[in-house]
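Chemist: Have a look; sequence and predicted model below, questions after that.
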Amino acid sequence: MTKRYLIGAFIGTLLCGLMLVVQPAVRTHRQVDCNPELATCVSEFYPYGHGTSDSVIGPTVDGSSLPIELAEDFIFFGQAYRRLFVNNNGHISFRSGFSTFNPSTFPLLFYDIPLIAPYWADADTSQNGSGTVFYRETTDFNLLQRFSREIQNGTSMSFFPSCLLIATWDAIGYFDGRTDRRNTFQCVLATNGMLSFMIFLYADGLIQWTTGDGSGGTNGLGGNAATAGYDDNGDNFFNIPGSGTAEIINITQTSNVGIPGMWMFITTSMQAITISFSESIYNVNENDGQVELMLVLSYPSSSDITIRIDTIDREATVMDQDYFSGPYSIVFPAGITESMFNISIIDNDVLEESERFEVIITSSSRNSNVTSGEIGNAVVIIQDNDATGCITTINGLDYWWTGQLY
């Protein structure tokens with residue numbers, strides 16, 4: 001038996017062929033109660049549905065929106081697009097609609113199409129009450145300001161968009177006509193014609209299924225599970241952890257900006273990414289065992305970056321067994337802007353003054369795009385813990401003076 005029944009194929013073909021779009025009537029945007037165990041979470045989607053100017057994709061299986069003409073170019077890794085399509089199966093495509101229901105992880109090997117996929121899975125909204133896909137472009141100042149603020153908080157970049165494309169998959173069921181589990185999620189694209197960003201939003205409790213019946217699922221789970229991420233049909237692609245596995249249902253608890261349920265990406269590389277230490281001086285006691293250092297990227301990369309860190313002896317030396325030297329290899333996964341690493345400190349019995357060594361960023365796996373930032377090297381100061389006192393020199397010999405006579 002084919003994946004779609006005859007009536008489903010007829011409806012999908014009819015709607016795609018006529019590009020039928022109707023105005024929403026009853027849905028309102030959802031304000032979501034946070035999981036109390038989370039420090040922060042996605043508390044509210046961008047407004048959608050009733051009370052907005054949203055259009056909807058009519059009841060369909062594997063259908064797409066009308067071509068959406070944007071007011072400004074959306075820059076997707078070097079390519080400018082003014083036209084895109086919102087698709088029923090949890091993705092946004094360029095060039096044409098994309099009806100493929102069976103998800104695969106990125107990069108796409110058999111499809112010549114750039115794709116943004118907040119949650120690519122086998123959806124079915126062909127029946128009354130089986131969910132709705134909303135979308136609109138907006139220049140509402142309050143929403144532009146909200147997006148700008150979220151980018152500032154997530155990446156420390158100053159960016160103010162000229163327009164947003166908000167796409168919302170609201171309470172959608174899965175194939176074949178199943179509504180016992182539903183998914184609600186949102187994708188917001190933003191551009192000012194030069195820089196472009198996108199945010200994926202998922203709320204706790206509102207991702208309930210991963211797989212449709214046509215993808216080998218049973219009761220919405222198992223089989224060929226959903227994929228989330230993007231692929232520019234070139235060198236830039238990313239899979240949110242858990243994609244293609246049962247773990248994707250936990251996407252509401254994951255993030256690359258520290259807010260569970262929010263994933264944020266810059267899709268243009270108009271300037272070099274810089275990398276810096278978070279501090280220029282790190283103090284550590286000799287008996288602490290290690291010193292923890294943090295590296296920070298100026299904004300997220302679209303692919304993994306590997307950074308080489310070297311150490312340079314000063315008063316503290318490797319030969320004197322003060323610390324373990326580099327090099328160290330630090331990996332920034334795509335979308336991540338902070339990484340911690342440790343250098344081991346050796347607790348010896350030698351009485352000595354405070355000593356230091358330097359830590360320096362020497363290279364990256366993407367030298368053309370990543371440069372050293374404001375703090376390209378840091379100093380680690382080791383405080384001795386063996387005794388109190390001072391070192392004094394008598395006749396060319398160093399003595400440790402504790403202030404006590406024996």
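Modeler: Arrived safely, thanks for sending. No experiment lies behind these values; they were computed from the predicted model shown.

Chemist: how close does the residue nearest to Ser280 when sequence neighbours are not counted sit to Ser278?
Modeler: Leaving aside its sequence neighbours, Ser280 sits nearest to Ile375 (Cβ to Cβ, 6 or more residues apart in numbering; 5.2 Å). Every C-beta, even on glycine, is put in place using the N, C-alpha and C of the backbone. Separation of Ile375 from Ser278 (Cβ to Cβ, to the nearest Å) stands at 8 Å.

Chemist: So for those two, which residue has more residues nearby?
Modeler: Neighbour totals were compared for Ile375 and Ser278, and Ile375 leads with 17 against 13 (other Cβ atoms under 10 Å).

Chemist: Helix, strand or coil: sort out that one for me.
Modeler: Secondary structure for Ile375, judged by DSSP: H, G, I helix; E, B strand; the rest coil, is coil.

Chemist: show me the contacts for it.
Modeler: Ile375 makes contact with Ser276, Phe277, Ser278, Glu279, Ser280, according to Cβ atoms under 8 Å, 6 or more residues apart in numbering.

Chemist: Just to be sure, which of those residues are found in strands?
Modeler: Of these, the ones assigned to strands by DSSP state E are Ser276, Phe277.

Chemist: And the contacts of Ile375, which of them are buried?
Modeler: Buried residues within these, counting neighbours by 16 or more other Cβ atoms under 10 Å: Ser276, Phe277.

Chemist: between the contacts of Ile375, which is nearest Phe341?
Modeler: Using Cβ to Cβ, Phe277 is the member of these that sits closest to Phe341, with 10.6 Å.

Chemist: Please verify my assumption that that closest one contacts Val380.
Modeler: No: using Cβ atoms under 8 Å, Phe277 is not in contact with Val380; the gap is 10.4 Å.

Chemist: Pull up the overlap in contacts between those two.
Modeler: Listed as contacting both Phe277 and Val380 by Cβ under 8 Å, 6+ apart are Leu293, Val359.

Chemist: so what's the backbone phi/psi at the residue nearest to Ser280?
Modeler: The phi and psi torsions at Ile375 (degrees, to the nearest 10) take the values phi -120, psi 90.

Chemist: Next one: it from Glu358, what distance?
Modeler: Distance, Ile375 to Glu358, using Cβ to Cβ: 12 Å.

Chemist: Please apply the same query to Gly220.
Modeler: Look at Gly220 and Glu358: by Cβ to Cβ, they are 55 Å apart.

Chemist: between the two, who's got more neighbours?
Modeler: Comparing Gly220 with Glu358 by neighbour count (other Cβ under 10 Å), the higher total belongs to Gly220, at 24 against 14.

Chemist: And the pLDDT for that one?
Modeler: You'll see Gly220 listed with a pLDDT of 97.

Chemist: check contacts around it.
Modeler: Counted by Cβ under 8 Å, 6+ apart, Gly220 has contacts Tyr174, Arg178, Asp180, Arg181, Gln208, Trp209, Thr210, Thr211, Gly212.

Chemist: No further questions, thank you.
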